[in-house]
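# structure, please.
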Amino acid sequence: MDKHRLDKTAIRLVPLEEEGDDRAFWATKTPTERLAALECLRRAVYGNELCEAKMLRVIRVIDCPWSTSTS
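Next comes the predicted model:
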């Protein structure tokens, strides 16, 4: 069973004009809880298949004119 399931009973839709207290809510959460919520949102947007794929590493070496090193 997928551990990243959305609890639809925990969602409340509000108008954009209504002020929320999101910052205060997330301030009460630990960094681990915040990352877990972020991961849940990421999987909801991109799906499990894309989230399970490995990320590509891209490195580009550029010559910076302001660099202090001499090569």
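# list the buried residues in the least confident helix or strand in the chain by mean pLDDT.
The helix or strand of the chain with the lowest confidence, counting by mean pLDDT, DSSP states H and E, is helix 31-52 at a mean of 85. Neighbour counts over helix 31-52 (16 or more other C-beta atoms under 10 Å) mark residue 43 as buried. Every C-beta, even on glycine, is put in place using the N, C-alpha and C of the backbone.
# begin at 47 from now on, thanks
All right, first residue 47 from here; so that's helix 77-98.
# how far away from the center of its chain is it?
6 Å (C-alpha atoms, centre = their mean, to the nearest Å).
# do stretch 52-61 as well
That offset, for stretch 52-61, works out to 19 Å (C-alpha atoms, centre = their mean).
# same thing with stretch 51-63?
18 Å.
# tell me the mean pLDDT over that stretch?
Averaged over stretch 51-63, pLDDT sits at 78.
# give me the distance between the two termini of that stretch.
Across stretch 51-63, the terminal residues are separated by 29 Å (C-alpha to C-alpha, to the nearest Å).
# show me the contacts for residue 80.
Listed by C-beta atoms under 8 Å, 6 or more residues apart in numbering, the contact partners of residue 80 are residue 72.
# redo that, cut-off 6 Å
Neighbour list for residue 80: empty [criterion: C-beta atoms under 6 Å, 6 or more residues apart in numbering].
# any idea how far residue 103 is from it?
The gap separating residue 80 from residue 103 is 25 Å, by C-beta to C-beta, to the nearest Å.
# can you check residue 110 too?
In terms of C-beta to C-beta, residue 110 sits 21 Å off from residue 103.
# and residue 51, how far is that from residue 86?
9 Å.
# likewise residue 72?
Going from residue 72 to residue 86 by C-beta to C-beta gives 14 Å.
# and what of residue 76?
Distance of residue 76 to residue 86, given as C-beta to C-beta: 15 Å.
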